[in-house]
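have a look at this fold, sequence not included:
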């Protein structure tokens, strides 16, 4: 079953990564033990635009800019839609 | 009978989706039980511009940016006219 | 007798539509019974610019952005001069 | 004797039109009986720029945006120097 | 002896014109009898840029935008360095 | 073992240089004995964009603009992700 | 021994000129006897960018915009790194 939210332009849909996964990937945000960490998995990507090709793909773990994007709830799960420009890096 | 509002440029006319429909599509906005959800159906689209082709079409269900657009009332129904840039994603 | 105000660039001259006409066209702005509605008729259009061709013509009924344009009085009638970018849609 | 102020780029020099002339041309600004009307005559125009050709010429009667331009006094007369972008329309 | 300050890009060095000269040229700024008038002589011009060719030359009398530029003192005289974009017009 | 954070676009990952290293390189920021110095080592660089090629490479010591970038913690170490535009200079 | 700070892009490293030198060059900033004068010597220049070629070279005496740049201390001396756009003029 394919994911039902298709971002427009150079936008992506991401989902926050659970705490255990974060420990495994080794990333936490400095001085933010009590804040929402900015690590997420890319769930869906838009087609990009002529000016901005997509550099991330579904499945990538990414670090993203604080306060970026719009939160939505879809089939009981929370996601964030944001521009790829707000994705800072891919975490291996 | 065709719809009587023709958006200019890369604008669209959208109409808020009723609550029952929203449940069916599975989308609600996180933490906004008492706020107006940002899910709507595209009713009419402009011709686009040289810089911005249209990516959405009439009938698409879309998520859009909060506070975007201008509300109008037409033949007893409420619509919003907004730029396609404020449409975040299409919901299948 | 031709209309005496020729807008420059991609500007237009519009005139507010009377209340009875508005009822006929079926458009009123949501929640604005006591505010000035944003429906008007295009009276004159500029030549456009290289970047922006004209999409509206004299006689079109249009919805326009609130607070846009400059009001002028010409031969006893009130008009608004505004950029075509502030015209949201044409109403059939 | 030619006028001694030569605007640079796409600027123009304009001079406010006297009250009697304004009555003749039929234009007054709405609700501004006690304010300075924005009708003027173009006195001199710059050469334009590659991006912006001149659309007005000396002698044109024009409506211009409020608060635009810089006032100067030249040989006892008051003028305003402003960018052509602040000229809204030509009045016939 | 050539002037020792060479502006970069599309900048100019100007020097305020003395009061007597101003009377001769016929220009004073409206309502500014007690303020510093914005009439000056161009002393040196930069090479211009690809986007902006120089329209003024040394010796031109110019009107310039208020609050523009940086004041410097050179060999006992005061000058202003500003971008040519802040020069409004040349006065003959 | 390669570094696990891959910056997108023209971004870089940098790591603050320890105090002893700073003394060796001879750089300290003026008047900032008690503030965090802005000297760092480049750890990873993005692919660049069409508009902005990468000028720094992993291993470069760099001076960067204050308040730039986003701090992250990865495998127990603190890093900053920032745009290359916020890197001012390379220190030999 | 070459200077160890290499600016990126169209940036320069400059060093304030001592008071005696300033007297010799004949430049002081108007009304700033007690403020830091904005005259400096260019110490190092970046490679420039496609949009902005370098117009200054090491050894040039320059006037620069107030509040521009970032101060650093290198081997006991204070320098400022700034974009060439904040250099106003070269002083001969």
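Nice, thanks for sending it over. In this text the structure is predicted, and so the values were computed from the model without any measurement.

strands of chain A, residue ranges please.
Taking DSSP state E as the test, the strands found in chain A are A:5-7, A:11-16, A:27-28, A:39-45, A:61-64, A:70-74, A:77-83, A:87-91.

what lies in contact with the second one?
Translated: strand A:11-16. With contact meaning CB atoms under 8 Å, 6 or more residues apart in numbering or on different chains, strand A:11-16 is reached by A:3, A:5, A:7, A:36-37, A:39-46, A:54, A:56, A:62, A:64, A:69, A:77-84, A:87, B:88-89. Using the backbone N, CA and C atoms, a C-beta is placed for each residue, glycine as well.

quick one: stretch A:66-85 to chain centroid distance?
Centroid separation for stretch A:66-85 versus its chain: 7 Å, with CA atoms, centre = their mean, to the nearest Å.

buried ones in it?
By neighbour count on 16 or more other CB atoms under 10 Å in any protein chain shown, the buried set for stretch A:66-85 is A:68, A:69, A:70, A:72, A:73, A:74, A:79, A:80, A:81, A:82, A:83, A:84.

of all these, which two lie farthest apart?
A:73 and A:84 (22.0 Å; CB to CB).

stretch A:12-19 - what's its average pLDDT?
The average pLDDT within stretch A:12-19 is 87.

surely residue A:64 is in contact with residue A:82?
Yes - contact criterion CB atoms under 8 Å: residue A:64 and residue A:82 qualify, at 6.6 Å.

residue of chain A closest to chain D, please.
Per CB to the nearest CB, residue A:51 is where chain A lies closest to chain D, at 20.9 Å.

where does chain A dip in pLDDT?
Counting by pLDDT under 70, the ranges of chain A that qualify are A:1, A:19-37.

find the centremost residue of it, please.
Among the residues of chain A, the one closest to the centroid is residue A:14, at 3.1 Å (CA atoms, centre = their mean).

please name the nearest non-neighbouring residue to that residue.
residue A:40 (3.9 Å; CB to CB, 6 or more residues apart in numbering or on different chains).

that neighbour: what's it in contact with?
Residues in contact with residue A:40, defined by CB under 8 Å, 6+ apart, are A:14, A:15, A:16, A:17, A:61, A:62, A:64, A:80.

show me what it is bridged to.
residue A:16, residue A:62 (DSSP bridges).

residues near residue A:65, how many?
By the criterion of other CB atoms under 10 Å in any protein chain shown, residue A:65 has 15 neighbours.

who's in contact with it?
With CB under 8 Å, 6+ apart, residue A:65 has these contacts: A:38, A:86, A:87, A:88, F:70.

among those residues, give me the pair with the biggest separation.
A:87 and F:70 (11.3 Å).

overlap of the contact sets of these two?
Joint contacts of residue A:87 and residue F:70 (CB under 8 Å, 6+ apart) are A:63, A:65.

which residue is the nearest non-sequential neighbour of residue A:92?
residue F:4 (4.1 Å).

residues near the residue of chain A closest to chain D, how many?
11.

may I have the phi/psi pair for it?
phi -80, psi -20 (degrees, to the nearest 10).

now swap in residue A:8 and tell me
Torsion angles, degrees, to the nearest 10, at residue A:8: phi -90, psi 160.

from chain E, how far out is it?
33 Å (CB to the nearest CB, to the nearest Å).

same deal with residue A:49?
Taking CB to the nearest CB, one finds residue A:49 at 26 Å from chain E.
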